[in-house]
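> The following block contains a protein sequence and its predicted model.
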Amino acid sequence: MENEASDEELMLSYGAGNADAFDTLYQRHKTPLYRFVLRQCGQENVDELFQDIWLKVINARNDYQVKAKFKTWLYHLARNRIIDLYRRNNIRPADNHEAELKTVEDTTIEQPEKNLHKQNQHEALLDAIAELPRDQKEAFLLREEADLSLEQIAETCSINFETAKSRLRYAIKKLRQKLEMPDEQ
Amino acid sequence: MSNDEEKLSRLYHEGSNEMPSSQLDDVILNAAREAAHQPVADKNIKAKSPFSGSWPTTVSIAAVLVITVILIPLIEQDTPQSTSTESADENELFTGEQKQEQDSLSRLSADTDREQSSMKAKKRSLMEIQEVHSYQSAPVTSTQGKLAKEISTVKTMAKSTMPTSSEASVSTPMPASRSMASPSLHFNRIDNENEQLNLEDNLAAELDSSNSRSKPLPAKQWLEKIKKLIAQENYAQAKIELDAFKRHYPNEEIEPSITESINSKNLAQ
């Protein structure tokens, strides 16, 4: 039954004292959320941030109200926690912070030409994602990991629809260029 | 979504196998279970409204409110009355002696005021008479005689009361109307008596001077007038006229019968 319940119902059930509801909720969202944090903050910080985000969810169980999608609320919490980390490390939103956070090891300093020669295109894509500006990376990861629509991305990031659309379009364009994919036009 | 976007998405998800560790999962899930088993504290425990209890509580609160609303205006209305009764009680605390003193003082002040007012009225009337005489060039007239008579009576009354008033300064005062008419006049204060005497002397002197300023009668006619006054038994006026005659005609001889009759009568008075 709990597997069929919506995220919001599970959260309300957990707030009423049902621990199993939280288990179901956690199993649904743990992997995409973990990757979302990992891609932005690196392996060094991911566990700490991931745990902090879920503890915030646990602590908010009594005050939770269904005003928006649970997923949107969850990633908004995650985003705020990541921004706190950026501020602590004095990283600006437009910076390519991968070098500072050293999340992707030596591949971050490799040139795009070398990526093309990698056998695993996935790694090349991850390298390209790591080189994206933070806002564009965030929009891409929200789309791919959290499966959020443009409206939901805008709501999560507290920006308007056009800005979200623009960020996502630029991110895809840059990734395509780095992977040497030809333009559709 | 275009083909390139689908390709990117597929490529991204194909190789992504990162997951939180089982230890991290256990930490988070244990924390969630512990939190869920804790008593739900905060949300459901709220301060109870006084109206959330049973109906007797609600009714009693409403009754208290209504009674308070009704009584407060009544208490506020009674407040000024209670202060007046308090002041009355305070007045009762005065001793009997204080009351007597207050009464005697009020009586004295009332009598003094009455005397002063009567004296002022007397003075005013005398001044008016004097003014009338000052415009008349004729010698002593009937009104002048009345004025002189009044002055003489006042003088004699004041002189006769001088020793008694000095003996008892707190003697029982008489009403103003009686005190002016009765020869046994008693004044309450020596100051008033002195003032009265001074006033009368001044008035007599002014009257004499006004008489002297007017053209005097010839000596024989004046003496005849004095004799007439004696014949009419108006000795006071006769004495005044005689004194004035002496001032105007110091060398003129006066019949001894005139002086003897006037002196004998004045002594008798």
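Arrived safely, thanks for sending. Only a predicted model underlies this, so the values are computations on that prediction, with no experimental measurement involved.
> Any idea how many residues pack against residue A:55?
15 (other Cβ atoms under 10 Å in any protein chain shown). Quick note: C-beta positions are derived from backbone N, CA and C, even for glycine.
> ok, it - contacts?
If you count contacts by Cβ atoms under 8 Å, 6 or more residues apart in numbering or on different chains, residue A:55 has them with B:28, B:31.
> Can you tell me the element it falls in?
helix A:43-59 (DSSP states H and E).
> For the stretch 101-250 of chain B, which residue gets nearest to chain A?
Nearest residue of the stretch 101-250 of chain B to chain A: residue B:102, at 79.7 Å (Cβ to the nearest Cβ).
> could you pull out the helices for chain B?
Under the criterion DSSP state H, chain B carries helices at the ranges B:3-14, B:22-37, B:55-92, B:96-134, B:142-167, B:176-181, B:190-213, B:219-231, B:235-248, B:256-268.
> Dump stretch A:79-92 to PDB, keeping only the CA atoms.
What follows is stretch A:79-92, C-alpha atoms only, in PDB (Å, rounded to 0.1, in the frame of the first residue of the first chain):
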ATOM      1  CA  ARG A  79      19.900  23.200  -2.800                       C
ATOM      2  CA  ASN A  80      19.900  25.500   0.300                       C
ATOM      3  CA  ARG A  81      22.300  23.100   2.000                       C
ATOM      4  CA  ILE A  82      24.600  23.100  -1.000                       C
ATOM      5  CA  ILE A  83      24.500  26.900  -1.200                       C
ATOM      6  CA  ASP A  84      25.600  27.000   2.500                       C
ATOM      7  CA  LEU A  85      28.500  24.900   1.600                       C
ATOM      8  CA  TYR A  86      29.400  27.200  -1.300                       C
ATOM      9  CA  ARG A  87      29.300  30.200   1.000                       C
ATOM     10  CA  ARG A  88      31.500  28.500   3.500                       C
ATOM     11  CA  ASN A  89      34.000  27.800   0.800                       C
ATOM     12  CA  ASN A  90      33.600  31.300  -0.700                       C
ATOM     13  CA  ILE A  91      32.500  30.000  -4.100                       C
ATOM     14  CA  ARG A  92      30.400  32.300  -6.400                       C
END
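> residues in chain A within reach of chain B, list them.
A:14-19, A:22-23, A:26, A:30-31, A:34-35, A:38, A:47, A:50-51, A:54-55, A:58-59, A:61-63, A:120-123, A:125-126, A:129, A:144, A:172, A:175-176, A:179, A:181, A:184 (Cβ under 8 Å from any Cβ of the partner chain).
> Could you count how many residues lie near residue A:29?
There are 22 residues near residue A:29, going by other Cβ under 10 Å.
> residues contacting it?
Neighbours of residue A:29 in contact, by Cβ under 8 Å, 6+ apart: A:7, A:71, A:74.
> just the CA coordinates of whichever strand or helix holds it, formatted as CSV?
Assigned by DSSP H and E, residue A:29 belongs to helix A:19-41. Extracted in CSV, the C-alpha atoms of helix A:19-41 (Å, rounded to 0.1, in the frame of the first residue of the first chain):
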residue,chain,number,x,y,z
ALA,A,19,8.3,5.1,10.4
ASP,A,20,7.7,2.7,7.5
ALA,A,21,6.4,5.6,5.5
PHE,A,22,9.8,7.3,5.8
ASP,A,23,11.5,4.1,4.7
THR,A,24,9.5,4.1,1.5
LEU,A,25,10.1,7.8,0.9
TYR,A,26,13.8,7.4,1.5
GLN,A,27,14.1,4.4,-0.9
ARG,A,28,12.4,6.5,-3.6
HIS,A,29,14.6,9.5,-3.4
LYS,A,30,17.9,8.5,-1.9
THR,A,31,19.7,7.7,-5.2
PRO,A,32,18.8,10.7,-7.3
LEU,A,33,19.3,13.0,-4.3
TYR,A,34,22.7,11.5,-3.6
ARG,A,35,23.8,12.0,-7.2
PHE,A,36,22.4,15.5,-7.2
VAL,A,37,24.6,16.4,-4.2
LEU,A,38,27.5,14.4,-5.4
ARG,A,39,27.7,16.1,-8.8
GLN,A,40,27.7,19.5,-7.2
CYS,A,41,29.7,19.0,-4.0
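> Model confidence score at the residue in chain A positioned nearest to chain B, please.
In chain A, the residue that lies nearest chain B is residue A:122 (3.0 Å; Cβ to the nearest Cβ). For residue A:122, the model assigns a pLDDT of 83.
> Residue B:165 too?
42.
> what angle separates the helix holding residue A:29 from helix B:3-14?
Per axes from the mean of the first three to the mean of the last three Cα atoms, to 10 degrees, the angle that helix A:19-41 makes with helix B:3-14 is 110 degrees.
> For helix A:19-41, the averaged confidence score.
So the average pLDDT for helix A:19-41 ends up being 91.
> If you count neighbours, what's buried in it?
Using 16 or more other Cβ atoms under 10 Å in any protein chain shown as the test for burial, helix A:19-41 gives A:19, A:21-26, A:28-30, A:32-41.
> picking that back up, comparing the helices of chain B by mean pLDDT, which bottoms out?
Looking at the helices of chain B, the weakest mean confidence is helix B:176-181, a mean of 42.
> Check residue 169 and give its pLDDT.
Let's take chain A. pLDDT, residue A:169: 91.
> was after chain B, sorry
Looking at residue B:169, its pLDDT stands at 40.
> for residue A:177, same thing?
87.
> Which neighbouring elements make contact with the helix or strand where it lies?
Using DSSP H and E, residue A:177 maps to helix A:161-178. Counting contacts by 3 or more Cβ pairs under 8 Å, 6 or more residues apart in numbering or on different chains; DSSP states H and E, helix A:161-178 packs against helix A:121-130, helix A:134-144, helix A:150-157, helix B:3-14.
> buried ones in it?
Buried residues in helix A:161-178 (16+ other Cβ under 10 Å): A:163-165, A:167-168, A:170-172, A:174-176, A:178.
> Residue B:112: which of those residues is nearest?
Of all the buried residues of helix A:161-178, residue A:163 has the smallest distance to residue B:112: 103.3 Å, by Cβ to Cβ.
> gap between that closest one and residue A:138?
Residue A:163 is 12 Å from residue A:138, where distance means Cβ to Cβ, to the nearest Å.
> cool, and residue A:86?
11 Å.
> Which of these two has more residues huddled nearby?
residue A:138 (26 against 18).
> Perfect, I'm done here.
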